[in-house]
Every structure is written in structure tokens, then in C-alpha cells.
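Peer 1: build me a model:
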Amino acid sequence: MAVKVRIPTPLQRLTDGKEEVEGKPGRIIDLINDLDSRYPGIGERVSEGGKIRRFVNIYVNEEDIRFLQAENTEVKDGDEVSIVPAIAGGKGVS
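Peer 2: The predicted model follows:
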């Protein structure tokens, strides 16, 4: 069994159109590095210098890793990881 990783639409071009891929158990940052070795380009869009980029949210079993152990959050076989780019914008109230 492996870790299921849900890939957001903007990154699916790096995974040959796959919405979900499998990764190895371990720390989140190691999972991202593993994905980058198989799908080059994912790593630089999700992380920088061993840290998850500020505008990328990652959830393990629907729990935000920022409230767990961030990049050092452990994932195990059967866990589901979702990568969600933050969306900002809109018009402020005048």
C-alpha cells in the first residue's frame, strides 16, 4: 500500500494528467521530494529550501499540516494527502 496524493489541476500537466498519484510513506517533505523525482517540477512549485511554500496548503487525511508538524508531518501507508494551492484575490469593499 502507498500514500495517495491528490494533485491540483494546475500541477496535473506534470503528472501526465493524473489527478491522483502514489507516494512513499515518511515525512511530507520527503514525499514531495519523491514525487519530484518521478514528476520533475512538482518539488519547486510546492516547496523551497525544505519548506512548503507559503501559498501551498497540504492536508493529510483532511487535516492541515500547519497544525500538525508542517513539513515534518509523517504520512503512512493508506493516508491521503491533498495539495491545494491557495487562491487569493477578489475586490475589496470600498
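Peer 1: remind me, longest helix of this protein?
Peer 2: Ordering each helix of the chain by length in residues (DSSP state H) puts helix 28-38 first.
Peer 1: other SSEs contacting that helix?
Peer 2: Helices and strands touching helix 28-38, by 3 or more CB pairs under 8 Å, 6 or more residues apart in numbering; DSSP states H and E, are strand 3-6, strand 20-23, helix 42-46, strand 51-52. For every residue, glycine as well, the C-beta is placed using N, CA and C.
Peer 1: I'd like these laid out as TSV, including distance to I83, mean neighbour count and mean pLDDT.
Peer 2: Formatted as TSV, those follow (distance: least, CB to CB, whole Å; neighbours: other CB atoms under 10 Å; pLDDT from 0 to 100):
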stretch	distance to I83	mean neighbour count	mean pLDDT
strand 3-6	7	19	98
strand 20-23	10	16	96
helix 42-46	6	18	95
strand 51-52	9	15	95
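Peer 1: please identify which of those is closest to V81.
Peer 2: Across the helices and strands packed on helix 28-38, V81 has its closest neighbour in strand 3-6 (4.7 Å, CB to CB).
Peer 1: ok now that closest one, how far from the chain's centre?
Peer 2: Relative to its chain's centre, strand 3-6 lies at 9 Å (CA atoms, centre = their mean, to the nearest Å).
Peer 1: would you point out which residue is most central in this structure?
Peer 2: Centroid check for the chain by CA atoms, centre = their mean gives I83 as the closest residue, at 3.5 Å.
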